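> Here's my sequence, what's the structure:
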Amino acid sequence: MAIKVGTDIVSIKRVEESIEKFGNKFLDRFLNAEEIESLKKVESIAGYWAAKEAVAKALGCGIGKELNFKDITIKKNINKAPYFELRSSNFSIIESSLSISHDGGFAIAVVVIVIK
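Now for the predicted structure:
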């Protein structure tokens with residue numbers, strides 16, 4: 001068993017500029033349809049970007065062939081706490097935790113994963 005940690009920080013302004021420049025093409029690049037429907041504020045969109053990057057870093061593979069943005073879905077539980085689901089179960093995750101925050105123009109996410 002191993003404990004893995006991933007973190008990512010992103011400029012909210014950078015995400016906002018990408019949305020202004022590319023619109024839905026930008027959102028479609030890294031968000032699933034249900035995520036797009038649920039997100040209204042640019043701060044939340046930036047948080048989801050950071051969360052997906054943090055998941056990939058915790059898994060040790062980054063975003064690429066083994067894992068892409070759309071393989072990761074960010075959801076919220078009944079208490080509005082974020083968590084993630086993976087399309088593939090190739091990573092042998094036993095337990096995980098996700099935290100997303102935004103302040104001062106940045107969004108940050110931290111992921112802790114316990115792997116077999």
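
> just the helices in this structure please.
12-22, 24-30, 33-38, 42-59 (DSSP state H).

> Need the winner for burial among those helices.
helix 42-59 (a mean of 24; mean count of other CB atoms under 10 Å). C-beta here means a position set from N, CA and C on the backbone, and glycine is covered the same way.

> okay, the angle between that helix and helix 12-22?
Relative orientation of helix 42-59 versus helix 12-22 (axes from the mean of the first three to the mean of the last three CA atoms, to 10 degrees): 110 degrees.

> returning to what we had before: would you convert the helices of the chain into CSV that also reports distance to S92 and mean pLDDT?
Output for the helices of the chain, formatted as CSV (distance: least, CB to CB, whole Å; pLDDT from 0 to 100):
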stretch, distance to S92, mean pLDDT
helix 12-22, 32, 97
helix 24-30, 24, 94
helix 33-38, 25, 92
helix 42-59, 10, 97
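
> Those into TSV, with extra columns for distance to I108?
Output for these, formatted as TSV (distance: least, CB to CB, whole Å):
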stretch	distance to I108
helix 12-22	11
helix 24-30	17
helix 33-38	18
helix 42-59	6
